[in-house]
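# Predicted model and sequence below, questions to follow.
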Amino acid sequence: MNLFSTFDPATSIGSLNWTSTILPIIIIPSMYWIIPSRMNFLWNKVINTLNNEFKILLKMEKMKGSTLLFISLFAFIMFNNTLSLFPYIFSSTSHLTLTLSMALPLWLSFMIYGWLNETKHMFAHLVPQGTPPILMPFMVCIETISNIIRPGTLAIRLTANLIAGHLLLTLLGNSANSISEFMISLLIMVQILLLILESAVSIIQAYVFSILVTLYSSEIN
């Protein structure tokens, strides 16, 4: 079978693949209906830490409560990334269909709001401070292109990181049929280390995605 068949929505369970995206909705609420546990305290600590970081980047007098949007985005991506490490669970965040549908509307809403309400500020962003007059036309072109490709880079970064890790795990797992017992034991250790790395990547990529979206939104103020 093709290695990339793991990421094909049409394989295995078919349309039920995308139901993995709503699994966090089923899992998370249960902890709000029971006596607070260590998981509650850990999650509250994560939320408070993220809230404090996002508040530094955003001008809160203009955007009160906007940190909740980015914390929710972080939680959604992190849970989906982590769930995709389990066997037989479809990795929805490794598809541009999902990642672009998160990045593009956010970026577009920031751009529309910025150009309608902060037009002078948005024009000022196209030319960095201290740019020589002769380089200004080139800087406008470069800044415009870098601004336009932002949703693409956000989506591709998340997708590529997840696909790379999953493919590496699959490649190593498929090679176990034709190697010695000693090499299999070594392979299992490598697979465990890679799973730990992928668990870290799933959290880091969620954080990177949400922090970059926060930075893009802070530029319009």
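Yes, it's here.
# Quick check: Leu187 touching Ile179?
Yes - counting by C-beta atoms under 8 Å, Leu187 touches Ile179, with 7.0 Å between them. (C-beta placed from N, C-alpha, C; glycine too.)
# Which one of the two is surrounded by more residues?
Leu187 (15 against 11; other C-beta atoms under 10 Å).
# for the more buried one, phi and psi?
The phi/psi pair for Leu187 (degrees, to the nearest 10) reads phi -60, psi -40.
# And for Arg38?
Per degrees, to the nearest 10, the backbone of Arg38 is at phi -60, psi -30.
# Could you check how far the closest residue to Leu23 other than its chain neighbours is from Met136?
Nearest in space to Leu23, with sequence neighbours left out and distances taken as C-beta to C-beta, 6 or more residues apart in numbering, is Leu83 at 5.7 Å. Applying C-beta to C-beta, to the nearest Å, the value for Leu83 to Met136 is 48 Å.
# Comparing these two, which residue is more hemmed in?
Remark: of Leu83 and Met136, Leu83 carries more neighbours, 19 against 13, as counted by other C-beta under 10 Å.
# thinking the more buried one is in contact with Ser20, fair?
Yes - contact criterion C-beta under 8 Å: Leu83 and Ser20 qualify, at 6.0 Å.
# Which residues are in contact with the closest residue to Leu154 other than its chain neighbours?
Distance criterion C-beta to C-beta, 6+ apart; nearest residue to Leu154, sequence neighbours excluded, is Ala103 at 4.0 Å. Ala103 is in contact with Arg150, Pro151, Gly152, Leu154, Ala155, Phe209, Val213, counting by C-beta atoms under 8 Å, 6 or more residues apart in numbering.
# burial of Ser84, as a residue count?
For Ser84, using other C-beta under 10 Å, the count is 22.
# With Glu118 instead?
15.
# go on, Leu135?
Leu135: 12 neighbours (other C-beta under 10 Å).
# same thing with Pro132?
Neighbours of Pro132 under the rule other C-beta under 10 Å: 7.
# And for Tyr113?
When neighbours are counted by other C-beta under 10 Å, Tyr113 comes out with 14.
# quick one: Phe123 from Pro133, how far?
To Pro133, Phe123 is 16 Å away according to C-beta to C-beta.
# all helices of this protein, in order?
Assigned by DSSP state H, the helices in the chain fall at 23-27, 38-57, 67-83, 96-117, 119-125, 136-148, 150-174, 181-218.
# Quick check: Arg157 touching Val208?
Yes - using C-beta under 8 Å, Arg157 is in contact with Val208, at 7.0 Å.
# residues in contact with the worst-scoring helix or strand of the chain on mean pLDDT?
Every helix and strand in the chain was compared by mean pLDDT, DSSP states H and E; the lowest is helix 23-27, with a mean of 72. By C-beta under 8 Å, 6+ apart, the residues outside helix 23-27 that reach it are Ala75, Phe76, Phe79, Asn80, Leu83, Ile89.
# Now the buried members of the contacts of Ala103.
Arg150, Pro151, Leu154, Ala155, Phe209, Val213 (16 or more other C-beta atoms under 10 Å).
# quick revisit: most surrounded residue in the contacts of helix 23-27?
Of those, with other C-beta under 10 Å as the count, Asn80 tops at 25 neighbours.
# show me what contacts that residue?
Asn80 makes contact with Ser20, Thr21, Pro24, Ser91, Ser92, Thr93, Leu98 under the criterion C-beta under 8 Å, 6+ apart.
# Please repeat the previous calculation with a cut-off of 10 Å.
20-24, 89-94, 98, 158, 162, 202, 206 (C-beta atoms under 10 Å, 6 or more residues apart in numbering).
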